[in-house]
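Undergrad: Have a look; sequence and predicted model below, questions after that.
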Amino acid sequence: MSARNKKYATVENHNGYLRDLNSKAIVSNDRTGYDVFVAKKKEKQDMRDRLDRVESTLDQILAKLEKVDHLK
C-alpha cells in the first residue's frame, strides 16, 4: 500500500496524533517536533563520531609515545 493510499483518523482528545486505519497504529503528525528530534539525533551522532575520532587519535599518540619510550 503506498503512502498516498493510507487512511488516517483523528485521535479524540489528542491533537497532533492520527490513527492509521490500516495498521491501527497511532502516529504523530507534528512535523516540527519530528524535525527537532532528527536534528538532536544527528547532533548526538556527530558528537559520538567526534569522540571516536579523538579516542583514535589519542590511541595513536600513546602508541607513538610508547615507541619513543622504548628507544631510551
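TA: Yep, that arrived. The shown structure was predicted, so the numbers you read here are calculated from the model rather than taken from an experiment.

Undergrad: All the helices of the chain, in order from the start?
TA: Along the chain, counting by DSSP state H, helices occupy 31-71.

Undergrad: And the residue positioned nearest the centre of it, how close does it get to Arg50?
TA: For the chain, the residue nearest the mean C-alpha position is Lys41 (3.3 Å; Cα atoms, centre = their mean). Plainly put, Lys41 is 15 Å away from Arg50 if you go by Cβ to Cβ, to the nearest Å. C-beta: built from backbone N, CA, C; applies to glycine.

Undergrad: do the same with Val11
TA: In terms of Cβ to Cβ, Val11 sits 40 Å off from Arg50.

Undergrad: Comparing these two, which shows the higher neighbour count?
TA: More crowded of Val11 and Arg50, by other Cβ atoms under 10 Å: Val11, with 14 against 10.

Undergrad: The more buried one is in contact with Tyr17, isn't it?
TA: Yes - between Val11 and Tyr17 there is a contact at 4.3 Å, judged by Cβ atoms under 8 Å.

Undergrad: Pull up the overlap in contacts between those two.
TA: Each of Ile26 lies in contact with both Val11 and Tyr17 under the rule Cβ atoms under 8 Å, 6 or more residues apart in numbering.
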